[in-house]
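K.L.:
missing the sequence, but the structure's below:
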């Protein structure tokens, strides 16, 4: 058997991802500016850029998940700021031509 067959790693979850994705969605919905590209490539780049700047909070159990969610909620202002900067950065430097 292989490592991945012996151990179920699918249950490991980074609790920060969900918070960051919700914040990215909230901020993008609030932006009416047509200069900001919201194509799938740009939004994925924004998400990756933001997540690479936020310390991950991994959990595998319900108790661990509750603990990390509480810890993550205390960082919401930091996550809001990182997401805002990620939107600005990717919008100014998309990996495709602006059209």
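P.N.:
Good, I have the coordinates. Just so it is clear, the structure is predicted and the values come from calculations on it, not from any experiment.

K.L.:
how about the strands in the protein?
P.N.:
13-14, 58-59 (DSSP state E).

K.L.:
Which of the ones you listed sits closest to residue 50?
P.N.:
strand 13-14 (12.4 Å; CB to CB). Heads up, the C-betas are built off the backbone N, CA and C, glycines and all.

K.L.:
what residue lies at the spatial centre of this structure?
P.N.:
The centre of the chain sits closest to residue 20, judged by CA atoms, centre = their mean, with a distance of 3.8 Å.

K.L.:
any idea how far that one is from residue 48?
P.N.:
Distance from residue 20 to residue 48, counting by CB to CB, to the nearest Å: 10 Å.

K.L.:
Quick check: which ranges of this protein have low pLDDT?
P.N.:
98-99 (pLDDT under 70).

K.L.:
For it, which segments count as helices?
P.N.:
All helices of the chain, identified by DSSP state H, fall at 3-6, 15-30, 40-51, 62-73, 76-92.

K.L.:
Go through the shortest one and flag the buried ones.
P.N.:
By 16 or more other CB atoms under 10 Å, helix 3-6 has no buried positions at all.
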